[in-house]
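Chemist: Here is a sequence together with a model predicted from it:
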Amino acid sequence: MASCPESGSSSGQPFTISANNGASVNAPIMTGNTIGAIHYHTGPLSAPPQHTSPSGPMMSSVQDFLKTHKNDLENRMGNLRPILSNLIDLGVLSEEDREEIEIKTTRTKKNEALLTMVINKGKTAQEQFYQALKKADLYLVKDLEG
């Protein structure tokens, strides 16, 4: 049901679309000669499936991946250059972050520094890291995911 100017009017006034269950939405200015019926499902929403998408785990799963495999990643990640370059290109890390990682004396400490930075930067940074890791070392990711 829509409360709006008469059909055929092009007054450009905003209007409200209401559903039978009381939900409503304000529509932006509508112009044109016809307002048709809008059909949509109003049943209860189901929870999204908790599975991985084709491009990798969903956001919360990336956090779980990092939490679960942090020690393995610290010990097993190899060449960080492509990962660091990718994260810098995306704006996740700065050149100063790269320098802070690269001054570490061992590979494990470098990996630990990178993981700590990414985890502290939040979900988006973690997702970007996961994608960069997958691109740089797909077989490590597949092995860790089992």
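Modeler: Thanks, I have it.

Chemist: Buried residues of stretch 86-94, list them for me.
Modeler: 86-87, 92-93 (16 or more other C-beta atoms under 10 Å). Any C-beta I mention is one placed from the backbone N, CA and C, and that applies to glycine too.

Chemist: ok, now stretch 109-129?
Modeler: 110-115, 117-119, 121, 125-129.

Chemist: now, the most widely separated pair of those?
Modeler: The span of the buried residues of stretch 109-129, defined through C-beta to C-beta, is set by Lys110 and Glu127 at 21.2 Å.

Chemist: Relative to Leu73, which of the buried residues of stretch 86-94 is nearest.
Modeler: Leu87 (14.3 Å).

Chemist: tell me the mean pLDDT for the helix or strand containing that closest one?
Modeler: Assigned by DSSP states H and E, Leu87 falls within helix 81-89. Averaged across helix 81-89, the pLDDT comes to 97.

Chemist: Next SSE downstream of it?
Modeler: Of the helices and strands lying after helix 81-89 in sequence (DSSP H and E), the nearest is helix 95-102.

Chemist: if we can go back for a sec, export the buried residues of stretch 86-94 to TSV and tack on distance to Ser61?
Modeler: As requested, the buried residues of stretch 86-94 are exported to TSV (distance: C-beta to C-beta, whole Å):
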residue	distance to Ser61
Asn86	20
Leu87	19
Val92	19
Leu93	22
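
Chemist: farthest pair in the residues you listed?
Modeler: It's Asn86 and Leu93 that sit farthest apart of the buried residues of stretch 86-94, by C-beta to C-beta, at 9.2 Å.
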